[in-house]
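[1] Need coordinates for the below:
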Amino acid sequence: QAQLRESGGGLVQAGGSLRLSCAASGRTFSTYVMGWFRQAPGKEREFIGSVTGSGSATVYADSVKGRFTISRDAARYTTFLQMNSLKPEDTAVYYCAANNPRLGHKYDYWGQGTQVTVSS
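    Reported below is the predicted structural model:
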């Protein structure tokens, strides 16, 4: 059974950094686009960014551009979200997800989420 599991969340002061990981198991996601999303209390889920299967291309939301970096390891079993210059408004549950680009733009696999809290 295919699974995604995030880790690395926690409490950090504003201006600090965190690195989230998304470990894949149960199947290979080497050709999948891996995306990161977040959802703050009372708000809709927000797309943060994504990385292609090859790892060569990334896109980011304007809200995190220049502060967050998405990458994936050579074996493509783990995807990372490096978050720098964190702000209190970055507080949210962060999710990774996988999209098969051959089937469209829908993300079919989701992790359970990891909480990130940024204190002011």
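[2] ranges for the strands of the chain?
    Using DSSP state E, the strands of the chain run over residues 3-7, 10-13, 18-25, 33-39, 46-51, 58-60, 68-72, 78-83, 92-99, 107-110, 114-119.
[3] Mean neighbour count and mean pLDDT added to these, as a markdown table?
    Where you see a C-beta, it was placed from the backbone N, CA and C, and this is true even at glycine. Below are those laid out as a markdown table (neighbours: other Cβ atoms under 10 Å; pLDDT from 0 to 100):
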| stretch | mean neighbour count | mean pLDDT |
| --- | --- | --- |
| strand 3-7 | 17 | 96 |
| strand 10-13 | 13 | 98 |
| strand 18-25 | 19 | 96 |
| strand 33-39 | 22 | 97 |
| strand 46-51 | 20 | 97 |
| strand 58-60 | 15 | 97 |
| strand 68-72 | 19 | 97 |
| strand 78-83 | 22 | 97 |
| strand 92-99 | 22 | 98 |
| strand 107-110 | 16 | 96 |
| strand 114-119 | 17 | 98 |
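[4] The residue lying closest to residue 19 once chain neighbours are set aside: what's it in contact with?
    With Cβ to Cβ, 6 or more residues apart in numbering as the criterion, residue 19 has its nearest non-adjacent residue at 5.1 Å, and that residue is residue 82. Going by Cβ atoms under 8 Å, 6 or more residues apart in numbering, residue 82 touches 17, 19, 68, 69, 70, 71.
[5] 7 Å instead?
    Shown in contact with residue 82 (Cβ atoms under 7 Å, 6 or more residues apart in numbering): 19, 68, 69.
[6] Could you report the distance from the first one to residue 2?
    With distances taken as Cβ to Cβ, to the nearest Å, residue 19 is found 23 Å from residue 2.
[7] got it, and residue 44?
    For residue 44 relative to residue 2 (Cβ to Cβ), the value is 25 Å.
[8] Next: residue 39.
    Applying Cβ to Cβ to residue 39 and residue 2 gives a distance of 22 Å.
[9] Looking only at neighbour counts, state which of residue 44 and residue 2 leads.
    Neighbour comparison, residue 44 and residue 2: the larger count goes to residue 2, with 13 against 6 (by other Cβ atoms under 10 Å).
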